[in-house]
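> pasting the structure only:
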């Protein structure tokens, strides 16, 4: 049996469509969602949060929006508990969460933004740590070919 922990960047129902479907068809997948703002949770549809396989952890974004600086209290403990064979993080590879987890447990990074080597300085600074994460990642999912090329 292969157990997977998915770490989502959002608890908004719109952003959880994929993970809701995965939970329905695969009992070996658990989900962690950030509790940044309870107003994201639809009061009429909180069935997701009644599922024992969904863990909502207190989260903070100390350096603004964009999820790069998001942290979830207790996430590392859950991820490295030995219960999971793989962690799938739906964050860019330079975000704090994949940087903290990738070296401790096999991790797949699920980024949306393409990795451009010759980006403006502001974007290159934001991407500190990306090489280390991509070198240690068990896999990567990306929207752009440049991200996949960088991983290779």
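Alright, I've got the coordinates. These figures come from a predicted structure and were not determined experimentally.

> what's the following helix or strand after the helix or strand of the chain with the lowest mean pLDDT?
Least confident helix or strand, the chain: helix 47-50 with a mean of 59, by mean pLDDT, DSSP states H and E. Of the helices and strands lying after helix 47-50 in sequence (DSSP states H and E), the nearest is strand 54-60.

> Off-centre distance for that next one?
Relative to its chain's centre, strand 54-60 lies at 12 Å (C-alpha atoms, centre = their mean, to the nearest Å).

> Whichever helix or strand comes after that strand pairs with which strands?
The helix or strand immediately downstream of strand 54-60 is strand 71-72, counting by DSSP H and E. If you go by DSSP bridges, strand 71-72 pairs up with strand 54-60 (antiparallel).

> check contacts around residue 73.
57, 58, 59, 60 (C-beta atoms under 8 Å, 6 or more residues apart in numbering). To be clear about C-beta, it is placed using only N, CA and C from the backbone, and glycine gets the same treatment.

> List only buried entries from the residues you listed.
Buried residues within the contacts of residue 73, defined by neighbour count using 16 or more other C-beta atoms under 10 Å: 57, 59.

> closest to residue 7 among the contacts of residue 73?
The nearest member of those to residue 7, counting by C-beta to C-beta, is residue 57 at 9.1 Å.

> As a check, name the ranges of all helices in this protein.
Ranges of helices in the chain, per DSSP state H, are 17-25, 47-50, 75-79, 96-101, 121-126, 130-136, 145-151.

> tell me what the third one is packed against?
Judged by 3 or more C-beta pairs under 8 Å, 6 or more residues apart in numbering; DSSP states H and E, helix 75-79 is in contact with strand 4-7, strand 54-60, helix 96-101.
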